[in-house]
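# the sequence and its predicted three-dimensional model are supplied below.
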Amino acid sequence: MVHSETSTGVLQDVAALAAVVREFDDVLVLVDAVTSLAGSPVETDAWGFDFVFTGSQKALALPPGLALGVASERMLERAKTLEARGLYFDLPSFLQATAKFQPTNTPAISLLYALDRQLERIAAEGGVEGRWRRHEAMRRRVEQWSEECGVAFLPCEGRRSWTVSCLRLPEGKSAKQLVGALKEQGWVIGSGYGALKDTTIRIGHMGDHSVEGLNRLLPLVGLQLA
Ligand SMILES: *Cc1c(COP(=O)(O)O)cnc(C)c1O
């Protein structure tokens, strides 16, 4: 399951979905937390997840190149029973190597230093909870602006991602044009995805972005919509 659905800006209720899945002993819950982890609460154990993963390049705001994941005992036990595990997702081999403080392959050491530095910054921000609060404030800022401007969110209230806001454009406005106009002013936002390409825009506000940044960006988006 995808937690924060980056193409639509929906924050799925993965805790509720996982609770249903956990009624079945033989089904594991694997969660793509690529744009939620470090940007909004992800309670791996409390919500009953078996595998959660993210990439370094999204809400952690690091260069791309690291995939980070955590597996439950259940997941590891199941993995051991499978023969064709391949190389990249051979969890038992990761565990064996880790027990010896060894990597399975040469790691991207420079990125691990970057991660170490970013974790220090996260600690200084008040821990991951502090980071959640900043992301929640950014989501609220876009919500407040959308109400003032009469621009509708694609996801309903309460199910909006804290790291990316997907907004419906008013009739007659083109995402391509809007994104292009903002680019000329030095701002990068996204157009919609797939079928929503020209009718929605996506404002990414994850990682090291701030409410102050949104305060500067949103009026410029508003001018394009006027
Ligand atoms: C970006 C993204 C991915 C893919 O990450 P890649 O490293 O580009 O493969 C997966 N899931 C979500 C929700 C994403 O936003």
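Structure's in. What do you need? Every value quoted in this text rests on a predicted model; they were computed, and no experiment measured them. Residues are numbered from 1 along each chain as shown.
# from now on I want contacts and neighbour counts done on CA atoms only, so please keep to that.
Fine.
# got a list of what the residue nearest to the spatial centre of the chain touches?
With distances taken as C-alpha atoms, centre = their mean, the chain has Thr35 as the residue nearest its mean C-alpha position (0.5 Å). Counting by C-alpha atoms under 8 Å, 6 or more residues apart in numbering, Thr35 touches 3-6, 54, 58-59, 163, 206.
# make a markdown table from those residues and add neighbour count to it.
Shown next, in a markdown table, are the contacts of Thr35 (neighbours: other C-alpha atoms under 10 Å):
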| residue | neighbour count |
| --- | --- |
| His3 | 21 |
| Ser4 | 28 |
| Glu5 | 20 |
| Thr6 | 21 |
| Thr54 | 21 |
| Lys58 | 23 |
| Ala59 | 25 |
| Thr163 | 31 |
| Met206 | 24 |
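# the ligand next: which of those are close?
For the ligand, the contacts drawn from those by C-alpha under 6 Å from any ligand atom are 4-6.
# picking that back up, pLDDT at the residue nearest to the centre of the chain, what is it?
Thr35 is assigned a predicted lDDT (pLDDT) of 98.
# and what of Ala226?
85.
# and for Leu220?
98.
# what does the helix or strand containing Val20 contact?
Assigned by DSSP states H and E, Val20 falls within helix 14-21. For helix 14-21, the surrounding residues in contact (C-alpha under 8 Å, 6+ apart) are 1-3, 27-29, 47-49.
# next one: it, is it in contact with the ligand?
No - applying C-alpha under 6 Å from any ligand atom, one finds helix 14-21 separated from the ligand by no less than 13.1 Å.
# mind listing what's buried in the helix or strand that that helix is followed by?
Sequence-wise, the next helix or strand downstream of helix 14-21 (DSSP H and E) is strand 30-32. Applying a neighbour-count criterion of 16 or more other C-alpha atoms under 10 Å, the buried positions in strand 30-32 are 30-32.
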